[in-house]
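> have a look at this prediction, sequence included:
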Amino acid sequence: MRASHILWVATANDESTIPEPILNRMNVYAIERPDADGARTIALAVYREILDAHRWPFPHEPSESVLERLSALPPRDMRKLLLDAFGTARLANRDHLVPEDIDAKKLCGRKARVGF
């Protein structure tokens, strides 16, 4: 089998654990955690993406206090906690989210990471 055209993609939270012979054959791109504006943009995009996929009676944009709470989370956790928050709001007979709906304790005690 000729494998010269295979493209490999790998991700890691810590490149120091990758053996040097493998690492020197890769192009390494360090992606920093988003700044406050970037995190807000990501949170709003995730919120809208979820709403676009469903017919839920929530506003097109969350309140600033909800966005602020979401922006403090790693992007990878935003979707999980937002989906849970929408359910929490509906169970409370609300058609909007409140900051308390975004409950990071529901991440089962694992430490939040920087990753996407």
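Received it, and whenever you're ready, just let me know what you need.

> what's in contact with whichever strand or helix holds Arg76?
Element membership for Arg76 (DSSP states H and E) is helix 75-91. For helix 75-91, contacts defined as CB atoms under 8 Å, 6 or more residues apart in numbering pick out 34, 39, 42-43, 46-47, 50, 56, 58, 70, 73, 95-98, 101-104, 106-107, 112-113, 115-116. Using the backbone N, CA and C atoms, a C-beta is placed for each residue, glycine as well.

> switch to 6 Å and redo it
Ile42, Ala43, Val46, Ile50, Leu70, Leu97, Asp101, Ile102, Lys106, Gly115, Phe116 (CB atoms under 6 Å, 6 or more residues apart in numbering).

> buried residues in it, which are they?
Pro75, Asp77, Met78, Leu81, Leu82, Ala85, Phe86, Thr88, Ala89 (16 or more other CB atoms under 10 Å).

> redo the residues you listed as TSV? Include distance to Asn13 and pLDDT.
Listed next are the buried residues of helix 75-91 as TSV, based on distance: CB to CB, whole Å; pLDDT from 0 to 100:
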residue	distance to Asn13	pLDDT
Pro75	14	82
Asp77	14	91
Met78	18	93
Leu81	20	94
Leu82	23	95
Ala85	26	95
Phe86	29	96
Thr88	30	94
Ala89	32	96
